[in-house]
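K.L.:
just need the structure, nothing else, for what follows:
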Amino acid sequence: MDKIINSLRPKRIIWPILIGLGVSGYLLFRNFDSDTFSFITFSWKLVYYLFLAFLMMAVRDISYMYRIIVLTNNKLSWKQAFNVIMLWEFSSAISPSVAGGTGPAIFFLYKEGLSGGRSTAVVLTATFLDEVFFIVSVPIVYFLFGDKIFPPDSQSYEEIIAAFYIGYGIIFAYTLFLAYALFINPQLFKSVLSWIFLFPILIRWRLRARKSANQLIYTSEAIRKKPIKYWLKSMGATIFAWVGRYWVVNFLLLAFLQVEFSIADHLLILGRQLSMWIILLVSPTPGGSGIAEFVFSNFLGDFIPNDSWYAPLAIFWRIISYYPYLAIGVIILPIWLRKVFAKEKKAVKKP
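P.N.:
Okay, here's the model as predicted:
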C-alpha cells in the first residue's frame, strides 16, 4: 500500500512535464520561423471547435465512469467512479505507458469498498476491453485505408512501422492472455501469481496474492455468467471513450487550421491515431511524454500545411488531452486519501 501511495506522489508530475516540454521545445527550435504561431487567429469558429475538443475529453471520461459502474455491478456511485477514473488517469499519466496504471487502479477500487479479487477482475476486464478495441479496430482501418494509416514520407518511417508491429504484437499477446485468464482458465493467473511471488523480494506478500487470485477465480466465474447486455454496455462505453479521445485531434485541427475535412479525411485521421496509440501504449516514458509529441508530427504532418506548426499543435493537443489529468490528480489525490483513511480509522474505532 505504501509503495503504491509513494508511486503517486504529486511531485512525480515534474518528469512527464519536463520530458514532454523538452521534446516540444526541441521540435519548436528545429522548425521555428516567423509563421510558427501564425495559425492562432481568434474567431468564434476557433472557440467553437476548441469547446468541442474539450467536450470530447468529457465524453471519454464519462464513458469510462459509466463503464466502471457497469463492471462493478453498480457498486460505485458516480462520485466514486469520478474519483477512480481521474486517479487512474493520473497514475497512468505519471507511469510509463507500457506499465500503465493498473496496480494503482486496483488499489483505488479496493479502497472504495470492493474486495481485492473483485478489484483485480474489474481492472483486468476494463483493460481487456480496451485492448480488444485496438486489436479489432486496427485491422478494420487498415482494410479501409491500407498503408495510409502510417505516416507518409517520414524520415523515421521504418522505425515507426517496426514500433507499430511490435506494439500490436505485445497488445495482441496480452489480450489473449487476459481472455484466457478471465474466461477460460483463471487458475493460470493464480499459477503465474504464485510463481512471481516466489521471488525472495515478494514472498512476504505471497499469501495475500494467492488470496486475491482465489477471489479473481470466483469473480471470473461470475463474469462468464454475465448477460450479453452487460458486455454490450461495457464495450459500447469503451468505443465511445476511445472515439471521443480521437475526435479531440479532429476538432483541434478544425479549430486552428480553418479548413474543412471530408468524411474520409476525418476517418483517416482517426485511423492514424489508432496507429499512434499502438506505439504510445508501449511507450517507456510517463504517459508517453516526448514520444507523443514526436509521433503527432509524424502521423498527422500531411494534414498540417506548415511544418513549423507541428510542435505548437502537438503542445495544444497535450494541453487538452494529457496535462489536465496531472492537475486534477494533484488536487483529488490528497483529498481522496484523507477521506478513505479517515473512513478506515472510523471503522476500526467502532466497537
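
K.L.:
all contacts plus neighbour counts: C-alpha atoms, from now on.
P.N.:
Fine.

K.L.:
flag every buried residue along stretch 160-173.
P.N.:
160, 163-164, 167-168, 171-172 (16 or more other Cα atoms under 10 Å).

K.L.:
to clarify, my last question referred to stretch 299-319.
P.N.:
Those would be 299-301, 307-315, 317-318, for stretch 299-319 by 16+ other Cα under 10 Å.

K.L.:
which residues touch residue 181?
P.N.:
Listed by Cα atoms under 8 Å, 6 or more residues apart in numbering, the contact partners of residue 181 are 187-189.

K.L.:
closest to residue 25 among the buried residues of stretch 299-319?
P.N.:
residue 311 (7.9 Å; Cα to Cα).

K.L.:
right, and residue 320 touches residue 52 too?
P.N.:
No - contact criterion Cα atoms under 8 Å: residue 320 and residue 52 do not qualify, at 11.0 Å.

K.L.:
now for residue 263, how many residues are close by?
P.N.:
9 (other Cα atoms under 10 Å).

K.L.:
mind pulling up the pLDDT for it?
P.N.:
pLDDT recorded at residue 263 is 88.

K.L.:
next one: residue 99
P.N.:
For residue 99, the model assigns a pLDDT of 57.

K.L.:
same deal with the one 10 residues further on?
P.N.:
Taken from the predicted model, the pLDDT recorded for residue 109 is 91.

K.L.:
likewise for residue 204?
P.N.:
For residue 204, pLDDT reads 61.

K.L.:
circling back: got a winner among the contacts of residue 181 for most neighbours?
P.N.:
residue 189 (20 neighbours).

K.L.:
grab the nearest non-local neighbour of that residue.
P.N.:
Take residue 189 and drop its neighbours on the chain: the residue closest to it by Cα to Cα, 6 or more residues apart in numbering is residue 181, 5.6 Å away.

K.L.:
before we move on, what about residue 48?
P.N.:
Closest residue to residue 48 apart from its sequence neighbours, by Cα to Cα, 6+ apart: residue 255 at 7.5 Å.

K.L.:
neighbours of the one you found, how many?
P.N.:
Neighbour tally, residue 255, other Cα under 10 Å: 26.

K.L.:
for residue 263, see how far away it is.
P.N.:
17 Å (Cα to Cα, to the nearest Å).

K.L.:
the residue nearest to residue 189 in helix, strand or coil?
P.N.:
Secondary structure state of residue 181, per DSSP: H, G, I helix; E, B strand; the rest coil, is helix.

K.L.:
if we can go back for a sec, which of the contacts of residue 181 fall in helices?
P.N.:
187-189 (DSSP state H).

K.L.:
out of those residues, which is nearest to residue 283?
P.N.:
Nearest to residue 283, judged by Cα to Cα, of the ones in helices among the contacts of residue 181 is residue 189 at 24.9 Å.

K.L.:
low-confidence regions, the stretch 251-351 of the chain specifically.
P.N.:
Low-confidence segments of the stretch 251-351 of the chain, defined by pLDDT under 70: 343-351.

K.L.:
helices of that one, start to end?
P.N.:
263-280, 291-300, 310-321, 323-349 (DSSP state H, counting those that start in this stretch).

K.L.:
closest to residue 84 out of those helices?
P.N.:
helix 323-349 (9.6 Å).

K.L.:
picking up where we left off before, which single one of the buried residues of stretch 299-319 is nearest to residue 267?
P.N.:
Nearest member of these to residue 267, counting by Cα to Cα, is residue 300, at 12.6 Å.

K.L.:
what sits against the closest one?
P.N.:
Per Cα under 8 Å, 6+ apart, neighbours of residue 300: 151, 269, 272.

K.L.:
circling back: mind putting the helices of the stretch 251-351 of the chain in JSON lines, distance to residue 130 included?
P.N.:
Putting the helices of the stretch 251-351 of the chain into JSON lines (distance: least, Cα to Cα, whole Å) gives the following:
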{"stretch": "helix 263-280", "distance to residue 130": "11"}
{"stretch": "helix 291-300", "distance to residue 130": "19"}
{"stretch": "helix 310-321", "distance to residue 130": "17"}
{"stretch": "helix 323-349", "distance to residue 130": "19"}
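
K.L.:
quick one, which of those gets closest to residue 56.
P.N.:
Within these, the stretch nearest residue 56 is helix 310-321; the backing value is 9.4 Å (Cα to Cα).
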